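**Student:** Sequence isn't available, so here's the structure alone:
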């Protein structure tokens, strides 16, 4: 049954993560979706948290973006960092701040819903967007779609309280979407949802934002890894694999781009493994600069222990770079082993080293994986392909 008989819908997107400026990574995929909905002649409103220096309202690619304030300037510190749940768990001050965050989020969302006569609420992440959307949907009597991205699904397994709260949110939703098959399976299991209610729709990536270039036949090949410096990303496994490559006499350099709490430990491990001349940690950078790194690289790796989706692998594929990932979560939706990349077991540095060595030393394999990965990413993750799946849910 369609949400609405109107051909043009007024859609309110609720998210705690959204681009703040041109070149920003935060919630970029949500903006691409919003922009695509506008191009499909829907009216889109986005509500996201405020942060010092941001406007409370602005137009971004014909999307109306509102930002709610939840604390004085300089005190709005729990959004746009990538670890909101950890910050909230860390101190009572942050818990109180999060309470103000939730109340402000709800009040502003309800105000927009009523004033703009919203037809549909699309909440990104079941908490805080989905929980906010649940109450707004209840009071405004408008349908709700909730999208889970990964971190919010992992929360369900940490507390029965989260599972019960999520059950209320997903119960209110007309449909639930996840960005990978893996997340759908976990959601159905943990919240006892009917499989037919959950649709797998990945977040879109814009191919035009990436420039596919031929692989460089440099003697010293660059391995690129883009990941947060957290235990989940398996970067210690990656370093052990790099150690094996060095011991085998393979010429390479590796650059790890990211940020996070394990930075000092990773730097120490690089020293301990005698990799200072091979592996370098780089701070997170604008997408335009990251695209230059993709172009310089010969191979891209994501060694996650558990991954909700694995967007950076899609970006690498769109730059025509062969990729190696783990059989972990959403990565298996991106990589077809031996065709669009290589898959290895999580926590297995020996297999990871072997896969990287195969690509670094077999030029024919590297070029084939690069081309097949590029074609696969364009077909599955372009805005047009993703938007069509999303619009089917709306219809």
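**Tutor:** Arrived safely, thanks for sending. Computed from a predicted structure; not experimentally measured. Residues are numbered from 1 along each chain as shown.

**Student:** From now on I want contacts and neighbour counts done on CA atoms only, so please keep to that.
**Tutor:** Will do.

**Student:** What sits closest to residue 155 if chain neighbours are left out?
**Tutor:** residue 162 (6.8 Å; CA to CA, 6 or more residues apart in numbering).

**Student:** What separation is there between that neighbour and residue 131?
**Tutor:** For residue 162, the distance to residue 131 (CA to CA, to the nearest Å) stands at 11 Å.

**Student:** next one: residue 332
**Tutor:** 29 Å.

**Student:** So if I had to pick from the two, which one is more boxed in?
**Tutor:** residue 131 (23 against 19; other CA atoms under 10 Å).

**Student:** got the contact list for that one?
**Tutor:** Applying CA atoms under 8 Å, 6 or more residues apart in numbering, we find residue 131 in contact with 165-166, 169.

**Student:** got TSV for those, with secondary structure and distance to residue 327 too?
**Tutor:** Shown next, in TSV, are the contacts of residue 131 (DSSP: H, G, I helix; E, B strand; the rest coil; distance: CA to CA, whole Å):
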residue	secondary structure	distance to residue 327
165	helix	30
166	helix	27
169	helix	30
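
**Student:** now, among those, which is nearest to residue 37?
**Tutor:** residue 169 (23.7 Å; CA to CA).

**Student:** looking at it, that closest one is touching residue 134, isn't it?
**Tutor:** Yes: with contact defined as CA atoms under 8 Å, residue 169 counts as touching residue 134 (5.5 Å).

**Student:** For the two, indicate the residue with more neighbours.
**Tutor:** Neighbour tally, residue 169 and residue 134, criterion other CA under 10 Å: the higher count belongs to residue 134, 27 against 23.

**Student:** what helix or strand does that one sit in?
**Tutor:** For residue 134, the enclosing helix or strand under DSSP states H and E is helix 131-140.

**Student:** and the next element down the chain from that helix?
**Tutor:** strand 144-148.

**Student:** Now do the helices in the stretch 251-395 of the chain.
**Tutor:** 263-272, 287-296, 311-318, 331-334, 349-361, 363-381, 383-394 (DSSP state H, counting those that start in this stretch).

**Student:** Which one of those lies nearest to residue 47?
**Tutor:** Once the helices of the stretch 251-395 of the chain are compared by CA to CA, helix 383-394 is nearest, at 19.4 Å.

**Student:** other SSEs contacting the closest one?
**Tutor:** If you count contacts as 3 or more CA pairs under 8 Å, 6 or more residues apart in numbering; DSSP states H and E, helix 383-394 packs onto helix 28-39.

**Student:** where's residue 202 relative to residue 294, distance?
**Tutor:** From residue 202 to residue 294 the distance is 22 Å (CA to CA).

**Student:** repeat for residue 196
**Tutor:** Residue 196 is 38 Å from residue 294, by CA to CA.

**Student:** hang on, the earlier thing: lowest-confidence stretch among the helices of the stretch 251-395 of the chain?
**Tutor:** Mean pLDDT values for those show the minimum at helix 383-394, a mean of 85.

**Student:** And for this protein, the residue most distant from the center?
**Tutor:** residue 249 (35.3 Å; CA atoms, centre = their mean).

**Student:** Quickly find the element holding that residue.
**Tutor:** Under DSSP H and E, no helix or strand contains residue 249.

**Student:** Just want the phi and psi numbers for it.
**Tutor:** Main-chain torsions, residue 249, degrees, to the nearest 10: phi 80, psi 20.

**Student:** Now do it against residue 220, distance only.
**Tutor:** Counting by CA to CA, the gap from residue 249 to residue 220 is 11 Å.

**Student:** What of residue 163?
**Tutor:** Counting by CA to CA - residue 163 and residue 220 are separated by 49 Å.

**Student:** So which of the two has more stuff around it?
**Tutor:** residue 163 (19 against 13).
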